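>>> what would the 3D arrangement of this be:
(one chain, ligands or ions: 3)
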Amino acid sequence: MQCHLCLVKVGRGKWESGIHRRKCADNNLGVLQRLPIPFDVTCSICHGMLRQWPRRGPAFRCGGGRGCPAAMGGRPLPLDNNGANRFSCFECGFDLCRSCVQRRMRRRAEAAAVKEGQGMARGRRGQANRDPDLLQVREPSIRRLKLEYSDVR
Ligand SMILES: [Zn+2]
Ligand SMILES: [Zn+2]
Ligand SMILES: [Zn+2]
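Ligands and ions are numbered 1, 2, ... in the order given. Reported below is the predicted structural model:
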C-alpha cells in the first residue's frame with residue numbers, strides 16, 4: 001500500500017491497523033488541515049468532515065457501498081484520483097468518490113424535504129381533524145332544510 005499522504009510504501013498490516021496513518025497525520029497535520037472541505041459530508045467512521053484529496057497518491061476505493069458507480073456487486077473498484085473525485089478522512093482510511101458524496105448530499109436534502117413535508121402533512125391532518133366537526137354541524141342543518149322542503153310540499 002502506498003500512503004496517499006506521504007507517498008511512502010506501507011505494509012498492508014500497518015496500513016489496515018491505522019498505525020501508519022495516525023503517525024503520518026501527526027507528521028503532516030499542516031498539509032491535512034489545508035485540504036479543502038467542499039461538501040458537508042462526513043466520515044462514516046469518525047463523523048469528521050471529508051476533505052477533497054489533491055491529485056496525489058495511488059488509486060483509491062470508494063467506501064460508498066452498493067450505490068457507488070465504481071462498485072461491482074458491492075465491492076469497490078480502484079478509482080484513479082483525478083484531483084476532484086476523492087473525498088477522504090485520512091485518519092480512518094475512509095474515502096468517497098464524487099458521485100457518492102453527491103448522492104449523500106442529495107439524500108440529506110431529500111430527508112430534510114421529507115421532514116418539512118411531514119410538518120406540512122401534520123398541519124393538514126390538523127385541518128382534517130377539524131373537518132368532521134364541521135360536517136357534524138352542517139349535517140343536521142341540511143337534514144332540517146330537507147324536512148322543511150318536504151313540509152312545504
Ligand atoms: Zn503516510
Ligand atoms: Zn474518519
Ligand atoms: Zn463511490
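>>> how about the residue nearest to the spatial centre of the chain, what does it touch?
A centroid search over the chain (C-alpha atoms, centre = their mean) returns residue 104, at 2.9 Å, as the residue closest to the centre. Contact analysis of residue 104 by C-beta atoms under 8 Å, 6 or more residues apart in numbering lists 41, 96. C-beta: built from backbone N, CA, C; applies to glycine.
>>> surely it is within a helix?
Yes: under DSSP: H, G, I helix; E, B strand; the rest coil, residue 104 falls within a helix.
>>> retrieve the pLDDT associated with it.
Residue 104 carries a pLDDT score of 95 in this model.
>>> what do you get for residue 136?
So, for residue 136, pLDDT stands at 51.
>>> now do residue 119
Per-residue pLDDT puts residue 119 at 77.
>>> what about it, which SS state?
Classification of residue 119 by three-state DSSP places it in helix.
>>> measure it to ligand 3 for me?
32 Å (C-beta to the ion, to the nearest Å).
>>> quick one, helices of this protein?
12-17, 19-27, 29-34, 98-152 (DSSP state H).
>>> could you chop the protein up by domain?
Following automatic domain parsing, one finds the domains of the chain at 12-102, 121-152.
>>> residue 46 reaches residue 90, doesn't it?
No: using C-beta atoms under 8 Å, residue 46 is not in contact with residue 90; the gap is 10.6 Å.
>>> rewinding a little: export the domains of the chain to TSV and tack on mean neighbour count and distance to ligand 1?
Shown next, in TSV, are those (neighbours: other C-beta atoms under 10 Å; distance: least, C-beta to the ion, whole Å):
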stretch	mean neighbour count	distance to ligand 1
domain 12-102	16	3
domain 121-152	9	51
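>>> please name the nearest non-neighbouring residue to residue 98.
Nearest residue to residue 98, sequence neighbours excluded (C-beta to C-beta, 6 or more residues apart in numbering): residue 85, at 4.3 Å.
>>> residue 54 is in contact with residue 82, isn't it?
No: between residue 54 and residue 82 there is no contact under C-beta under 8 Å: 10.3 Å.
>>> much appreciated, bye for now.
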